[in-house]
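Participant: Please work out how this folds:
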Amino acid sequence: MSQQTVVKSVFSGELEIIATDTIRLLPGFSTGSVPSFRARLTSNAAGCPILASTPSSGQNYVVTNTMRKAGITSLSGKTVCEVNQTIQYLDGLGRPMQTVQVQGSPSQKDVVQPVAYDAYGREVLKYLPYSTASGTGGSYRSDALTGTGGYIGSAQYSFYQGSSDHVSTIAPYARTVFEPSPLNRIEQQGAPGQPWRPSVARSDTAGHTVISEYGVNGSSGDMTARLWLATTTGGPSHHRRLYTPGNYAAGQLTVSIVKDENWVSGKGGINHEYKDKEGRVVLKRVWKDDSTFYSTYYVYDDLGNLSFVLPPGVDPDAGSVSSDALTNLCYQYRYDGRRRLIEKRVPGKGWDHMVYNKLDQMVMTQDSIQRAGNKWIFTKYDALGRTILTGLLNNSQSRAQRQDSLNAETTNFWESRSMSDTSGYTVASLPTGGIDRYLTINYYDDYNFYDNTFSGPPAGRSTHVQGLLTGIKVKILPHNVMLLTVNYYDDEGRVKEIRSENHLAGMDIDTMVYAFSGEVISKTRVHTSSSGNVKVFNRYAYDAWGRKLSSFSRIGTGGEVTLADFRYNEIGQLKSKSLHDNLQTTGYSYNPRGWLKNTTSTEFSMQLNYEDGTVKQWNGNIANQLWGTGLTNTFIYRYDKLNRLVKAVKSDSTMREHLTYDAMGNISSLLRDNGTESSYNYFPGTNKLQSIASGSITTAGNWNYDLNGNASTDGRVGKTISYNLLNLPVTANGGGSNITYTYDATGSKLRKESNTTGTTDYIKGIQYADNGSGYGIDFIQTEEGIARKSGSSYVYEYNLTDHLGNVRYSFRRNNSTGLVERLQSDDYYAFGTRKSIGSTVSPANKYLYNGKEIQEDWGNAQGAAYDYGARFYDPVVGRFTSIDSLAEDVQYVSPYNYALNNPILMIDPDGMAADTAKSATVAPPIPIPSITLTEIVITAAKTLHKGAKYVISGISAGVAGVGTFVGAMLLPSNYHQTWQYRDYGLPQTVPLVPPVITYTPPPKTLPGFPDAVKVPNSRGRVRWKTPRGKVLEWDSRHGDVEVYDRNGKHEGSADPNTGQMTKPPVPGRTTWK
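Facilitator: Numbers count the residues shown, from 1 in each chain. This is a model prediction of the structure:
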């Protein structure tokens, strides 16, 4: 961040100081333990020009200045590296008209996001942002959407014509067609790009929009819906009985009909969603073809609690669901009198039980396996409701008995700090007896907790940690050892240092240095163990707007290496990435919708075709993948109307897969290459694979499952498998190898022991193995690959990946030639079976498909399983070996499915939820930052008071001081009423904070989270879940939703209508998953 003169007496963490004239480091200046620091003078501060901004007069606007450097009190002479400025222009109704990031593009041009409305105030066209150097910096661009010849002469349109920097398109906007009614419902939703413009008819060049239609259910034909009801039986069991008296009467349900961009004619691919009069979804129906549809029903009890989900596999339209079908294929929920979820059943599992205290906090859970062994998992809380303890309990009582015990408790609902128990807490709240072991222990607010071997904060770390998580102890399963981690913070509440014990009798110290603006500018890791020590230093460089430009690495006493350099186009998309001191470079390009189109390099190039493919796909499915030098290889993909992959064929036919599915998305048959078709056989009426009949897949027996739905025998490779309480595999024996895994209580894998591949230890990216010179550090994972240990030094190896994160080409720098040295090349079948290309330089890279570690001793010649974190995946069969822990987010499909049967578009990042691989390629929108008011200046521009200014300053704690008029002030003669005059002459104090409003009842839908599905309530709060596993809870006091990640950790609050985050996360706040 360049200035003219820099004077430093104290090191504040920056790794580089740039100035144009003078840098003075005063006596006593020291970088301490930071090993790399640079100070340089430059006469060309092109990356940090002086902020040049003049907002347009005559326009309403809000200026937001984000300081990227401490101590700035004036904007005079400051650069864009020191101050980021965003100007939002508003019309007379307070609606955004234009948002301008001043000098916000990589080439320091203004980035403009124009907004326009139709006569009814609707945003019919949503325009892509563009950059421009015309006009005064920060000014309102009147030519943004109009010019000579109208829109085609506008600056925004011209920006997207014939550029090599970014995509070119004649339709750089998304058009929305609203129905002509006061409801303003959307009839067609277009997207940027010519083929996605609304049109009367669909063609290759237009009309491929998402079409929405609206109606009501009928009494006959395609629009009928069966009425399913749930009644509660008496007694403490709270069982639900499922029954149906027939169909809904005509007109009782509203129906939303959605046809995606691929739809042309017929019923195939159409989605129907039926809602009752309370806004609850009761039916989702998708059409496979003109004669086949799949229905998923949602059944509620009289209090509105979701009690049953009937997926397509039970054919719920037929009007009869057997008890076996209910057990094996349906979701079931039971609630107590306080509407708390007390029992649930996911298809393929036994019943899960939940027990609560009087504060509605879940304190005990039990699955079927734990019930057979008289075990419970318990959770304890502190007085603020924060989770402090989880553990394993020995108790043979039933759920009802345990609940009765908690109902009888009158005083002890939480624990307090105490040194009398090894947990560091009192043992006051239930359960108090029968505790087998603690699994996790959390400490907050200070460092004076039991057995803190790391003690209090070292110098330079904050002591103001009230409300922050300071310590964590995690059990190694099944051993009686707990590993301690301590978090130290800076005064901004950011984690500054993490000290953690590892399972190899050592520790790791991770230290972070932040820029004033919040970016991490360096990380230092000091790692010790009984088998090796190493120090890893990483630093990062950013441009003026916080885009990462470079990442650097230094290991031990070795020299610093530039891992990667990043360059961006004018709208913020990644344009190129160079690896290992510019040894190798890959270019990136995108289509108008922001989807990745090409990656280009000498070593590995790829092209993805969508609407321009062999079988055109307008909805985001990938039609073709071309790859290799010169793009000489082509995969052709075909899908059914439900977007499930049915055919993947390489152009030379050397690789191909053909698939069919049942109603639940279970694979029915698979033909691979030139083999014969393999038929999948399932246990009757279940999603559980029993056997595979010959064909392309060779097997060694049948599959069997435990009570939690985990495969206890693997029929393909002949292994017998056992699992821990987290449903992670612990032993896998048979098929020529015996494997044992060790985890901690959070599910992190610590060790793998195999009689064929030896022992491997895992410590947060540092991997131990016998690397030929004895047991020790084998490699360290980096952001771009690994650094493999070679003698006393490390050799950096890099991975080039495709759009799914599959590693396709691995290389290193050849020390003799200084050029790229190929190590390994891999292609993959659609569902992940590996096909190695050419020879592999030993030792081979084992992190391959989706970047996951292949378990070579858990497989055979056809392929091996991958460890996805939450469960294991078999790419040969195309299924996970365990039930999805987030199966309730996709209740219409088998909980064993991989990537919703679309592995060309989707990935499963951690084994818990499928996600589109394109989600990270869309250009980021222009941010509209939150505004903190410290001074208000009201300027009259187009009224009879033109030229008058009213300045309100001294805002503190939501109250403003006295305002002052500046300039002309002409009061009209008719302003004689007291309330009207007060609008000009504000009283001594003006409250700026609105009164607290209780928002009841909660909304029926969340427009800001259109994919969220309502699920059973939590602690009295209405609750939703998103397909990515996020939990949303209604906050009736503030009228927003509390957002939690898939692990139940608080991420902040969001606006229910826009989805934009409104409040930061609350440290330590959690919810049940």
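
Participant: wait, residue 594 sits on residue 572?
Facilitator: No: counting by CB atoms under 8 Å, residue 594 does not reach residue 572; the two are 10.3 Å apart. For every residue, glycine as well, the C-beta is placed using N, CA and C.

Participant: Domain parsing of the protein, as residue ranges.
Facilitator: In terms of domains, the chain is parsed into 3-41, 60-196, 210-338, 344-497, 561-916, 935-991, 995-1073 (source: automatic domain parsing).

Participant: Adding distance to residue 531 as columns, could you present these in CSV?
Facilitator: Putting the domains of the chain into CSV (distance: least, CB to CB, whole Å) gives the following:
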stretch, distance to residue 531
domain 3-41, 24
domain 60-196, 43
domain 210-338, 47
domain 344-497, 16
domain 561-916, 5
domain 935-991, 56
domain 995-1073, 31
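
Participant: weakest of the ones you listed by average pLDDT?
Facilitator: Of all these, the minimum mean pLDDT falls on domain 935-991 (a mean of 36).

Participant: Show me what residue 656 is bridged to.
Facilitator: On the basis of DSSP bridges, residue 656 is bridged to residue 649.

Participant: show me the residues around it that make contact.
Facilitator: Applying CB atoms under 8 Å, 6 or more residues apart in numbering to residue 656 gives the contacts 647-650, 671-673.

Participant: hmm, back to that, out of the domains of the chain, deepest packed?
Facilitator: domain 561-916 (a mean of 19; mean count of other CB atoms under 10 Å).

Participant: Kindly check the end-to-end length of it for me.
Facilitator: 32 Å (CA to CA, to the nearest Å).

Participant: Give me the distance from it to the chain's centre.
Facilitator: 19 Å (CA atoms, centre = their mean, to the nearest Å).

Participant: For the stretch 51-200 of the chain, which segments count as strands?
Facilitator: With DSSP state E, counting those that start in this stretch as the criterion, the stretch 51-200 of the chain has strands at 60-67, 83-90, 96-101, 110-114, 125-127, 130-132, 173-178, 186-189.

Participant: so which of these gets nearest residue 351?
Facilitator: Shortest distance between residue 351 and the strands of the stretch 51-200 of the chain, using CB to CB, is found for strand 186-189: 41.7 Å.

Participant: who wins for proximity to residue 508 among the domains of the chain?
Facilitator: Using CB to CB, the domains of the chain put domain 561-916 closest to residue 508, at 6.7 Å.

Participant: quick revisit: among the contacts of residue 656, which two are most distant?
Facilitator: For the contacts of residue 656, and using CB to CB, no pair is farther apart than 650 and 671, which are 14.0 Å apart.

Participant: At which residues are the helices of the chain located?
Facilitator: Under the criterion DSSP state H, the chain contains helices at 155-159, 323-329, 368-372, 399-408, 978-982.

Participant: Let me have the ones you listed in JSON lines, adding distance to residue 61 as columns.
Facilitator: JSON lines is the format used below for the helices of the chain (distance: least, CB to CB, whole Å):
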{"stretch": "helix 155-159", "distance to residue 61": "19"}
{"stretch": "helix 323-329", "distance to residue 61": "58"}
{"stretch": "helix 368-372", "distance to residue 61": "61"}
{"stretch": "helix 399-408", "distance to residue 61": "57"}
{"stretch": "helix 978-982", "distance to residue 61": "26"}
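
Participant: just so I know, which of those helices lies nearest residue 639?
Facilitator: helix 323-329 (24.6 Å).

Participant: export the closest one as CSV, just CAs?
Facilitator: C-alpha atoms of helix 323-329 as CSV (Å, rounded to 0.1, in the frame of the first residue of the first chain):
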residue,chain,number,x,y,z
SER,A,323,-45.3,-50.7,7.4
ASP,A,324,-42.1,-52.1,5.8
ALA,A,325,-42.1,-49.3,3.2
LEU,A,326,-42.6,-46.8,6.0
THR,A,327,-39.7,-48.3,7.9
ASN,A,328,-37.2,-48.7,5.1
LEU,A,329,-37.9,-45.8,2.7
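
Participant: Cool, thanks, talk later.
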